[in-house]
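A.B. asks: how does the following fold in three dimensions:
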Amino acid sequence: MKKSIALAFIFQFSVFSFFAQSLTGYEIMKKADEVPEPVTSSSTATLTIHTKKGSDRKREVIMKSKDYGDVKKEVIVFVTPKDVSGTGYLMFEYEEDSKGNKKDSDNWLYMPAMKKTRRIASSGSESDGSFMGTDFTYRDMGDRNLNDYDYKLLGEESVDGTECYKVECVAKDKTEKDPRYISYIAKSDFILRKCELFDRQNQLHRVLTCTNFTTIKGFTTAQRMKMENVQSDTWSLFETANIVYDGGDIDDSMLTVAALEKGRIR
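C.D. replies: Alright, predicted model coming up:
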């Protein structure tokens, strides 16, 4: 009897310890946000845009980024086909300050056919617009501010054999195009495996899947990112190649609006 009581006590203590150590939805998303990234990154990618009629359009792009500590600068430039060659998108993503506040990102889109650069708002209806005719939005291309959402851990689920935390994220700004989404964050490395985005009517709108993971210099990277619009039967796929992390410095002048307009980014 004493042994049974002792075992029961150990079991209860173990259960208590498990729940005491479990993470909240916010803590999981914060850990995901804090996954280490390289200081510099460069790569190429093939972008496939699948239309409702079943046809595919191909785009070749180059991508570069550099983390300055207080700001991360990223640029995407279209190389082919000819009708979009030279089109570029430049993003400045700012770090949170000591109080957890984060400055809105600065974003520029350069259209060589118009010989004009325009600012893209980091919030509001413009940020929810389609990025270059894809199923990705301008908001998707940047980082989301943790403090702009409320979080709830819904449970755990396996995605392609990887055990994940299932976290509901609800925007405090209800005017967002997809104000609610569910993130599947791998328990092993806190890297996103899948995301389900819901529209204002709380209907499933788009599904992002991240696959073909590889590790480069210790950084786990998804080489395929597919965004499927389940309401329009379209999808867009980024397939990344020639990835180089921390492999030589990226000239600061390359990450500027002037570099975009002069076609210097190659």
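A.B. asks: in the stretch 51-200 of the chain, where is pLDDT below threshold?
C.D. replies: For the stretch 51-200 of the chain, the stretches flagged by pLDDT under 70 are 98-100, 124.
A.B. asks: ranges for the strands of it?
C.D. replies: Along the stretch 51-200 of the chain, counting by DSSP state E, counting those that start in this stretch, strands occupy 56-67, 71-80, 88-94, 106-111, 116-119, 149-159, 162-171, 180-186, 192-198.
A.B. asks: the first one vs strand 71-80, what angle?
C.D. replies: I take that to be strand 56-67. Regarding strand 56-67 and strand 71-80, their directions subtend 150 degrees when assessed with axes from the mean of the first three to the mean of the last three Cα atoms, to 10 degrees.
A.B. asks: strand 56-67 pairs with which strands, parallel or anti?
C.D. replies: Using DSSP bridges, the strands paired with strand 56-67 are strand 40-50 (antiparallel), strand 71-80 (antiparallel).
A.B. asks: got it, and the fifth one?
C.D. replies: In the sheet containing strand 116-119, the strands it pairs with under DSSP bridges are strand 106-111 (antiparallel).
A.B. asks: for the strand it pairs with, buried residues please.
C.D. replies: Going by neighbour count (16 or more other Cβ atoms under 10 Å), the buried part of strand 106-111 is D106, N107, W108, L109, Y110. C-beta: built from backbone N, CA, C; applies to glycine.
A.B. asks: please state the offset of that strand from the chain centre?
C.D. replies: Counting by Cα atoms, centre = their mean, to the nearest Å, strand 106-111 is centred 18 Å from the centre of its parent chain.
A.B. asks: okay, angle between it and strand 88-94 too, please.
C.D. replies: Using the same axes, to 10 degrees: strand 106-111 against strand 88-94 is 180 degrees.
A.B. asks: who touches strand 106-111?
C.D. replies: With contact meaning Cβ atoms under 8 Å, 6 or more residues apart in numbering, strand 106-111 is reached by 86-92, 116-122, 138, 142, 257, 260-261.
A.B. asks: do stretch 256-266 as well
C.D. replies: 62, 64, 75, 77, 86, 88, 90, 108, 110, 112, 115, 117, 253-254.
A.B. asks: dump those residues to TSV, plus distance to R206.
C.D. replies: Compiled in TSV, those are given as follows (distance: Cβ to Cβ, whole Å):
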residue	distance to R206
I62	25
K64	26
V75	24
V77	25
G86	28
G88	24
L90	24
W108	25
Y110	26
P112	29
K115	33
T117	28
S253	36
M254	32
